[in-house]
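Chemist: pasting the sequence and the predicted coordinates here, then a few questions.
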Amino acid sequence: MNGYSTPVYEERINRVLDYIEQDMDKPISLQSLAETACFSPYHFHRIFTAWIGETPIDYVRRIRLEKAAMLLVHKKSVSITEIALQCGFSSSSVFSRTFQNHFHTSPRAYRQKHPGKLEDALNEPYRKPSQRPVPGLTLSDPVKLEHFPAYAAVFARYQGGYNKGIGSIWGRLMRWAFAHNVHGSTAFGIPLDDPEITPAAKCRYLACLAINPEIAKTLKLPGYLSLMEIPGGLYAVSHFEGEEKNITRAYNGLYGDWLPASGFEPADSPALEVYYSDARERAAGKFRFDIRLPLKPL
């Protein structure tokens with residue numbers, strides 16, 4: 001494929017992925033995806049499958065099911081029927097059959113089993129959240145509540161395990177940023193999937209840089225980059241310092257202990273990781289970042 005066509009294809013496929021993530025609760029047809037990509041419906045299916053490694057139907061189904069699995073765990077007050085509709089399934093019965101085929105258990109059983117899974121991961125008996133330390137969070141850095149304004153960001157996509165390959169997409173983004181004099185911007189990542197639900201090879205991640213909206217309007221982005229708006233509002237902020245192997249435990253502590261006792265639930269946008277560690281620290285396996293979890297009242 002020549003140097004011109006590759007960015008064009010990449011930009012069009014990224015447009016489709018954005019469309020799917022933004023309209024999860026609405027019917028999504030092959031025709032609408034082809035139109036979004038500006039490809040012929042006759043050829044879009046093969047192009048998408050070759051590029052992503054899954055058919056459009058399989059990809060949409062999997063993303064919906066994995067989102068539903070996260071909602072079952074983290075939004076206990078929401079009924080299974082409501083979750084089914086929020087994730088684009090026509091009824092709870094259709095959702096239950098599809099969920100059973102994918103996860104080999106029912107939505108209700110999955111919801112009931114997950115707390116035990118968190119307990120096993122943390123390797124200690126359950127105590128009241130106020131008495132229990134959160135792994136990966138130090139006593140000098142408790143969870144804080146902060147309001148943040150909305151802001152624009154430029155981002156690059158990556159799909160694969162969170163512990164490998166991400167450096168290459170950051171390198172690609174930062175080379176672009178230095179060339180366009182936006183390298184002083186805040187750097188943050190958005191892990192879109194829970195690695196305890198989604199297979200590592202299919203976990204999606206966005207490498208992001210905050211950018212002035214007025215500057216963003218003047219830039220012609222290459223095909224591998226896109227623009228997004230980070231929603232403003234109330235966030236829980238917890239600081240992580242430690243080794244990569246403890247990052248999942250820190251998330252489990254935040255979601256499994258702090259959140260249920262907080263009086264809040266996650267808002268309908270992903271958590272962010274705002275980075276402070278430098279390249280030498282990361283090369284040594286040490287990480288420093290804030291986890292920002294968007295919130296809304298229960």
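Modeler: Alright, I've got the coordinates. Numbers count the residues shown, from 1 in each chain.

Chemist: pLDDT score for the spatially most central residue of the chain?
Modeler: Residue closest to the mean C-alpha point of the chain, counted by C-alpha atoms, centre = their mean, is Leu192 at 1.2 Å. Looking at Leu192, its pLDDT reads 89.

Chemist: that one against Ala271, yeah?
Modeler: No. Contact criterion C-beta atoms under 8 Å: Leu192 and Ala271 do not qualify, at 9.6 Å. C-beta coordinates here come from the backbone N, C-alpha and C atoms, glycine included.

Chemist: so for these two, which residues contact both of them?
Modeler: Taking C-beta atoms under 8 Å, 6 or more residues apart in numbering as the contact rule, Leu192 and Ala271 touch no residue in common.

Chemist: the strands in the stretch 151-298 of the chain, which residues?
Modeler: Assigned by DSSP state E, counting those that start in this stretch, the strands in the stretch 151-298 of the chain fall at 151-159, 187-191, 204-211, 225-230, 233-243, 264-266, 272-275, 286-297.

Chemist: which residues of the chain fall in helices?
Modeler: Secondary structure of the chain (DSSP state H): helices located at 5-22, 30-37, 41-52, 56-74, 80-86, 92-103, 107-122, 166-179, 213-218, 247-253, 279-283.

Chemist: which one of those has the poorest average confidence?
Modeler: helix 107-122 (a mean of 64).

Chemist: first-to-last residue distance for stretch 255-268?
Modeler: Counting by C-alpha to C-alpha, to the nearest Å, you get 15 Å between the two ends of stretch 255-268.

Chemist: no wait, stretch 155-170
Modeler: 9 Å.

Chemist: that one: which residues count as buried?
Modeler: Phe155, Ala156, Arg157, Tyr158, Gln159, Gly160, Tyr162, Ile166, Ile169, Trp170 (16 or more other C-beta atoms under 10 Å).

Chemist: kindly report the same for stretch 92-99.
Modeler: Ser92, Phe95, Ser96, Thr98, Phe99.

Chemist: do the same with stretch 214-232
Modeler: Quick answer for stretch 214-232 (16+ other C-beta under 10 Å): Leu221, Gly223, Tyr224, Leu225, Ser226, Ile230.

Chemist: give the bridge partners for the residue lying closest to the residue nearest to the centre of the chain once chain neighbours are set aside, please.
Modeler: Among residues not flanking Leu192 along the chain, Arg204 sits closest, at 4.1 Å (C-beta to C-beta, 6 or more residues apart in numbering). Beta bridges link Arg204 to Gln159 when assigned by DSSP bridges.

Chemist: let me have the buried residues of stretch 92-99 in a markdown table, extended by distance to Gly184.
Modeler: Below are the buried residues of stretch 92-99 laid out as a markdown table (distance: C-beta to C-beta, whole Å):
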| residue | distance to Gly184 |
| --- | --- |
| Ser92 | 49 |
| Phe95 | 46 |
| Ser96 | 50 |
| Thr98 | 46 |
| Phe99 | 45 |
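
Chemist: of those, closest to Arg108?
Modeler: Of all the buried residues of stretch 92-99, Arg108 sits closest to Ser96, with 8.4 Å by C-beta to C-beta.

Chemist: enumerate every residue touching the closest one.
Modeler: Ile80, Ala84, Ser106, Pro107.

Chemist: just Phe155 next, same as before
Modeler: Leu173, Ile190, Leu206, Ala207, Cys208, Leu209, Leu225, Ser226, Leu227, Met228.

Chemist: from Gly242, how far off is the first one?
Modeler: Computed with C-beta to C-beta, to the nearest Å, the distance linking Leu173 and Gly242 is 24 Å.

Chemist: neighbour count winner among those two?
Modeler: Leu173 (22 against 17; other C-beta atoms under 10 Å).

Chemist: spit out the contact partners of the more buried one.
Modeler: Val154, Phe155, Ala156, Ala207, Leu209, Leu225.

Chemist: doesn't Arg157 make contact with the last one?
Modeler: Okay, so that is Leu225. No. Contact criterion C-beta under 8 Å: Leu225 and Arg157 do not qualify, at 9.0 Å.
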